[in-house]
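> Output the structure for:
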Amino acid sequence: MRQSIRLITLTAMAAALAACVGSSGPGYNPNSVEGRWLDANGIQSTFNAGQFETRTTDTNTLLATGRYTQVNPRLVQIDMRSLVRQTNSTVNCSLVSPTQLNCTSSAGGQFSLNRPLS
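Now for the predicted structure:
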């Protein structure tokens, strides 16, 4: 009888653990820009609780800082300062998919950011 209870308990624990492992999602909120993004040149941008940073991936050098505002569920406005050019700019980004942001700077330049899948 004791072994039956022990076996049932172990089986239930294994099932609960499997449910936790099997239900993991993509690791990010698909409706939010929070997290790490990369551009075509491998420059990393991070959105975290209203703060924005851009860094090189090879040396982790800080290139730009700023703040961002979620204007609506699909539009983000970034007010940033380039530490390289010593200029301020506004960038509007549209969340076109959970893994892609299409952005346009106040000067008219366009670029995309992609969220790494891992």
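> C-alpha only now, for contacts and for neighbours.
Will do.
> and the most centrally placed residue in the chain, bridged to which residues?
With distances taken as C-alpha atoms, centre = their mean, Gly35 lies nearest the centre of the chain, 2.5 Å away. Gly35 forms beta bridges with Phe47, as assigned by DSSP bridges.
> now the helices for this protein?
2-22 (DSSP state H).
> need the strands for it, in chain order.
With strands called from DSSP state E, the chain shows them at 35-38, 44-48, 51-55, 62-72, 75-82, 87-97, 100-105, 110-114.
> circling back: quick check, pLDDT for the residue nearest to the centre of the chain.
Gly35 is assigned a predicted lDDT (pLDDT) of 95.
> Contact partners for it?
28, 46-48 (C-alpha atoms under 8 Å, 6 or more residues apart in numbering).
> For those residues, pick the one with the most neighbours.
Phe47 (19 neighbours; other C-alpha atoms under 10 Å).
> Give me the neighbour count for Gln44.
22.
> And Ile78, by the same measure?
22.
> what does the one 3 residues further on give?
Taking other C-alpha under 10 Å as the criterion, the count of residues near Arg81 is 19.
> same check, this time on Ala64
Counted by other C-alpha under 10 Å, the residues lying close to Ala64 total 19.
> unless I'm mixing things up, it is touching Leu83, no?
Yes: when contacts are counted by C-alpha atoms under 8 Å, Ala64 is listed as touching Leu83 (5.3 Å).
> OK, contacts around the spatially closest residue to Ser97 that is not a sequence neighbour?
In this structure, Ser97 finds its nearest non-sequential neighbour in Pro30, 7.9 Å apart by C-alpha to C-alpha, 6 or more residues apart in numbering. Taking C-alpha under 8 Å, 6+ apart, we find Pro30 in contact with 97-99.
> Turn those residues into CSV, columns for pLDDT and neighbour count.
Listed next are the contacts of Pro30 as CSV, based on pLDDT from 0 to 100; neighbours: other C-alpha atoms under 10 Å:
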residue, pLDDT, neighbour count
Ser97, 95, 13
Pro98, 94, 16
Thr99, 96, 17
